[in-house]
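# just coords:
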């Protein structure tokens, strides 16, 4: 085996069965990885210098093909079901052996990196990839050790990513030819049959969602975070289409991170060293920070170039709606490094309510915060996904159900404990419709939402009068600077008040029905925070 690049003197691949590869490239620079990709004909450069590649058959994650090895560590702790699917240890060993045989006499790319910006929780991760561009992704998304740190680097976890290897489902125990399997005992994530790099990122997020709450008492969160000039940290939770990226990207506040964070006893810290931003309809005017970050060293996935040019057509989604850019966080000009902040003063749950029921902003009690955290509600509207022609209810526990190895109530109770200990303000923000449902009402102006969030951040909303909204029992401010008072209570804008009441009760019933799956494990405080459906509605 030939070896090139920078590595520690003790580093070797024989311990993980990869001693028979032809060449192992260790910790190549982004420039070197880009050159390798171009030489192999697996990518092209855009006019801004970014590397554009196609991930092949899969342009997104495949949740039904994500497995967790069922063993002595996981059998009594994992939330088993359709999110965490069991995989037998013996099957894992046989499949891993097949992968190592597949890689015999092939080139591989090795990346030494780590997760968690707080040194107390740092986890060293060695990523082995079949393609140079997947190694560039790992360099961009994870935290990057210095050359001096690499001299004594020892991995705790390994990721082996081989998109060219396809499993035999019948023989290997997978659902189909692609797979992503987490083995907590062997501290290994095995990915095959898919080139979608998000599987690498979310594999580590999933293990942190287990290790940190279960073993360290740290709340792991699928959220963005920023910090003000006075050191006040804010967190933004929200599913796709709620405005999480847009609203957390504030030129007056430093970006801690855009997607994955931990909350310890003393601070908020980013898990990652980069951003994996959606690119659909991207423009310099709408999202200048992301647009300007797509330069030399950045990786673009599944985009389309304008005919005969090297210019990206961000409006072209003929390959997928899930076009992506992966870049180091320091490509954002107001990024905070190291990516840590103090205990949050404000938390925002963002939801796009297409039914026009929820207020533009409301203040939640600790019990309500836990309830809405577990619910993770939003509504998808026509145009957001193929096949959606009318508003569709979506509930994703803890705003990231697909990545939760533990039962959602464990994360919610840890959140509630931290809220009470630190007296944090939690706000439910509706970025969706008012004055009626989708098709009748109108979407709340972005300028109003920004004004409401600013008023929450600077303490203005702490000083105004509140009223309680029936059914959901939400505390709603009566006034807010730069926002018309009549929109703050959503019922005011409905011409037919009875129709609003009916819709509110219908949405409340959906919340209650969704929560049934968690009720047996939820505390009385959480259960008491559920909306109350009016009997005569």
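Received it, and whenever you're ready, just let me know what you need. Predicted model, so just to flag it, every value in this text is computed and none were measured.
# going by C-alpha atoms from here, please, whenever you check contacts or count neighbours.
Noted.
# give me every residue that touches residue 283.
291, 314 (Cα atoms under 8 Å, 6 or more residues apart in numbering).
# what about it, distance to residue 254?
Residue 283 sits 21 Å away from residue 254, taking Cα to Cα, to the nearest Å as the criterion.
# likewise for residue 2?
Remark: distance between residue 2 and residue 254 (Cα to Cα) = 44 Å.
# again, but for residue 188
Counting by Cα to Cα, the gap from residue 188 to residue 254 is 34 Å.
# compare residue 2 and residue 254 (neighbour count), which wins?
residue 254 (24 against 11; other Cα atoms under 10 Å).
# unless I'm mixing things up, that one is touching residue 228, no?
Yes. With contacts defined as Cα atoms under 8 Å, residue 254 counts as touching residue 228 at a distance of 6.4 Å.
# what touches both of those two?
Common contacts of residue 254 and residue 228 (Cα under 8 Å, 6+ apart): none found.
# and the helices in this protein?
Using DSSP state H, the helices of the chain run over 30-39, 89-102, 132-141, 147-151, 169-172, 198-211, 244-248, 288-293, 366-375, 408-422, 446-457, 497-519, 524-527.
# what degree of burial does residue 399 show, as a neighbour count?
25.
# again, but for residue 533
For residue 533, the neighbour count with other Cα under 10 Å is 19.
# residue contacts, it?
The neighbours of residue 533, taking Cα under 8 Å, 6+ apart as the test, are 471, 505, 508, 509.
# do residue 519 as well
Residue 519 sits in contact with residue 527, where contact means Cα under 8 Å, 6+ apart.
# model confidence at it, what's the number?
As summarised for this prediction, residue 519 has a pLDDT of 95.
# look up how far residue 36 lies from it.
Taking Cα to Cα as the measure, residue 519 and residue 36 are separated by 53 Å.
# give me the distance between the two termini of stretch 207-216.
13 Å.
# then stretch 436-450?
Distances were taken as Cα to Cα; on that basis the terminal residues of stretch 436-450 are 21 Å apart.
# report the rounded mean pLDDT for it.
Taken as a whole, stretch 436-450 has an average pLDDT of 93.
# and it, which residues are buried?
If you call a residue buried by 16 or more other Cα atoms under 10 Å, then stretch 436-450 has these buried ones: 436, 437, 438, 441, 443, 444, 448, 449, 450.
# then stretch 212-230?
Along stretch 212-230, these residues count as buried under the neighbour rule (16+ other Cα under 10 Å): 212-214, 218-228.
# stretch 506-524 now?
Judged by neighbour count using 16+ other Cα under 10 Å, the buried positions of stretch 506-524 are 506, 507, 508, 509, 511, 512, 514, 515, 522.
# where in the stretch 51-200 of the chain is pLDDT low?
Under the criterion pLDDT under 70, no range of the stretch 51-200 of the chain is flagged.
# can you show me the strands along it?
For the stretch 51-200 of the chain, the strands defined by DSSP state E, counting those that start in this stretch occupy 51-53, 66-69, 85-87, 107-115, 123-129, 157-162, 179-183, 188-192.
# of these, which is nearest residue 141?
If you check each of those against residue 141 by Cα to Cα, strand 107-115 wins as the nearest, at 9.3 Å.
# and stretch 432-444, how far from the chain's centre?
27 Å (Cα atoms, centre = their mean, to the nearest Å).
# returning to what we had before: so for residue 526, which of the strands of the stretch 51-200 of the chain sits nearest?
Ranking the strands of the stretch 51-200 of the chain by proximity to residue 526 (Cα to Cα) places strand 85-87 first, at 27.3 Å.
# direction included, what does the closest one pair up with?
Partner strands and pairing direction for strand 85-87 (DSSP bridges) are strand 66-69 (parallel).
# run through who's touching the strand it pairs with.
With Cα under 8 Å, 6+ apart as the criterion, strand 66-69 contacts 84-89, 92, 179-184.
# what's the closest of these to residue 352?
Ranking the contacts of strand 66-69 by separation from residue 352, with Cα to Cα as the measure, puts residue 84 on top at 27.2 Å.
# didn't the closest one look like it was pressed against residue 74?
No. Because the distance of 10.5 Å does not satisfy Cα under 8 Å, residue 84 is recorded as not touching residue 74.
# who has more neighbours, those two?
With other Cα under 10 Å as the criterion, residue 84 and residue 74 differ in neighbour count, and residue 84 comes out ahead with 22 against 19.
# ok, now which ones touch the more buried one?
By Cα under 8 Å, 6+ apart, the contact list for residue 84 reads 66, 67, 68, 78, 404, 405.
# do residue 302 as well
Residues touching residue 302, when contacts are defined by Cα under 8 Å, 6+ apart, comprise 52, 53, 54, 55, 59, 319, 320, 322, 323, 324.
# and the spatially closest residue to the last one that is not a sequence neighbour, how many neighbours?
Taking Cα to Cα, 6 or more residues apart in numbering as the measure, residue 324 lies nearest to residue 278, with 4.6 Å between them; neighbours along the chain are not counted. Other residues within reach of residue 278, judged by other Cα under 10 Å, total 19.
# now residue 391
Quick note: residue 391 (other Cα under 10 Å) scores 17 neighbours.
# surely it meets residue 352?
No. The pair residue 391 and residue 352 does not pass the contact test of Cα under 8 Å, sitting 10.3 Å apart.
# anything in contact with each of these two?
Looking at what touches both residue 391 and residue 352 (by Cα under 8 Å, 6+ apart), the common residues are 379, 380.
# not counting stretch 14-21 itself, show me its contacts.
Outside of stretch 14-21, the residues within contact range by Cα under 8 Å, 6+ apart are 1, 12, 13, 97, 100, 103, 104, 105, 106, 107, 108.
# quick check: the third one vs residue 53, distance?
This means residue 13. 27 Å.
# so which of the two has more stuff around it?
Here residue 13 and residue 53 are compared on neighbour count by other Cα under 10 Å; more neighbours surround residue 53, at 21 against 13.
# which residues sit in contact with the more buried one?
For residue 53, the contact set (Cα under 8 Å, 6+ apart) comprises 42, 43, 44, 133, 299, 300, 301, 302, 303.
# residue 428: neighbouring residues, count only.
Neighbouring residues of residue 428 were enumerated by other Cα under 10 Å; the total is 25.
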